[in-house]
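1. Provided below are the primary sequence and the corresponding predicted coordinates.
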Amino acid sequence: MELKLERPLAVFDLETTGVRIGSDRIVQIGVVKLMPDGRRLPWQTLVRPGIPIPPEATAVHGISDADVADAPPLESIAGELLELLAGCDLSGFNVLRFDLPFLAEELHRVGVHWDTTRLRVVDVQRIFHKMEPRDLSAALRFYCGKEHGGAHDALADVEATADVLLAQVQRYADLPGDVDGLGEFSGDRLRAPDAAGKLQYDEQGQVCLAFGKYRGWSLEQIGRNDPGYLQWLMTKAELPGSTLSVMRNALADIEA
């Protein structure tokens, strides 16, 4: 079966300074318009973000501050971009969760309204996940060649998970063979320090806020610059008890 198009389908992707919608900025936009007559029309531009590109973002997409130094800002190319997308439906990989809201927010920030309410959006990632399930049963079938007869029984699930883990280590020669390496590969250091996800770690391992006007600030920085706000957080912000416990421990470590 071939893809049937009544309107052009604009497949687009953003490269950004990070993943925080409203705080991070676009550094590159790529679009391929799939036309009803079968043509593919590519378009791409670098974008000067107006803020430094973090090294960890450059490590992902390879775009540095020097690369975008002479690139146009978003407000300069917004008109051209919207003209390119006019009359198109949209597509992308994880576009519904990331690229679409990110671009809409950034256009709004520079004073450009982009109405996508009447457009259809095809998320290639969601098609992938629905057509090729990534649950435990699928993993056991893929890595171990057997069916998961006891799905959703706790012991049967962990037995299957253990089988999959051992098979993964055997299958991939470049996968770490120790728990430290596998934890790093899994991104366990990136998890929130509290169960509610109200906190995060910075690059130095300090506990920071993951919300509000001081998002990304360490508790030490907040206490030094706005002690009244920190006091409000600890007493009146109605944060979960587990979050407050992590904050108290972090502050105790700072004072020690």
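-> Good, I have the coordinates. Numbers count the residues shown, from 1 in each chain.

2. Can you identify each of the helices in the stretch 101-250 of the chain by residue range?
-> Ranges of helices in the stretch 101-250 of the chain, per DSSP state H, counting those that start in this stretch, are 124-131, 136-144, 154-171, 179-186, 219-225, 227-235, 241-255.

3. List the buried residues of the fifth one.
-> It refers to helix 219-225. Buried positions in helix 219-225, judged by neighbour count with 16 or more other CB atoms under 10 Å: 219-223. No exception for glycine: its C-beta is placed from N, CA and C like everyone else's.

4. any chance of those residues in TSV, plus distance to residue 9 and pLDDT?
-> Putting the buried residues of helix 219-225 into TSV (distance: CB to CB, whole Å; pLDDT from 0 to 100) gives the following:
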residue	distance to residue 9	pLDDT
219	47	93
220	49	91
221	46	93
222	46	94
223	51	91
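
5. got the helices of the stretch 101-250 of the chain as TSV, with distance to residue 30 columns?
-> Formatted as TSV, the helices of the stretch 101-250 of the chain follow (distance: least, CB to CB, whole Å):
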stretch	distance to residue 30
helix 124-131	14
helix 136-144	31
helix 154-171	32
helix 179-186	28
helix 219-225	36
helix 227-235	40
helix 241-255	39
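
6. Residue 195: which of these is closest?
-> Nearest of those to residue 195, taken as CB to CB: helix 241-255 at 5.0 Å.

7. residues making contact with stretch 123-130?
-> 11, 91-97 (CB atoms under 8 Å, 6 or more residues apart in numbering).

8. Pull the most distant pair out of these.
-> 11 and 97 (15.9 Å).

9. of these two, who's got more company?
-> residue 11 (20 against 12; other CB atoms under 10 Å).

10. Tell me which residues touch the more buried one, please.
-> Residues in contact with residue 11 (CB under 8 Å, 6+ apart) are 31-34, 90-92, 124.

11. Buried among those residues? Make that a PyMOL selection.
-> This is the PyMOL syntax for the buried subset of the contacts of residue 11, where burial follows 16+ other CB under 10 Å:
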select buried, resi 31+33+34+90+91+92
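
12. In helices only, show me the contacts of residue 11.
-> Of those, the ones assigned to helices by DSSP state H are residue 124.

13. My guess is residue 156 contacts residue 137. True?
-> No. Counting by CB atoms under 8 Å, residue 156 sits too far from residue 137 to count as a contact (10.7 Å).

14. what do those two both touch?
-> Common neighbours of residue 156 and residue 137 (CB under 8 Å, 6+ apart) are residue 148.

15. of the buried residues of helix 219-225, closest to residue 70?
-> Distances from residue 70 to the buried residues of helix 219-225, taken by CB to CB, are shortest for residue 221, at 33.9 Å.

16. From residue 230, how far out is that closest one?
-> Separation of residue 221 from residue 230 (CB to CB, to the nearest Å): 10 Å.

17. Quick one: residues contacting the closest residue to residue 221 other than its chain neighbours.
-> Excluding the flanking residues, the one nearest residue 221 by CB to CB, 6 or more residues apart in numbering is residue 214, at 7.7 Å. Residue 214 makes contact with 221-222, 226, 229, according to CB under 8 Å, 6+ apart.

18. Since that was my last question, I'll sign off now.
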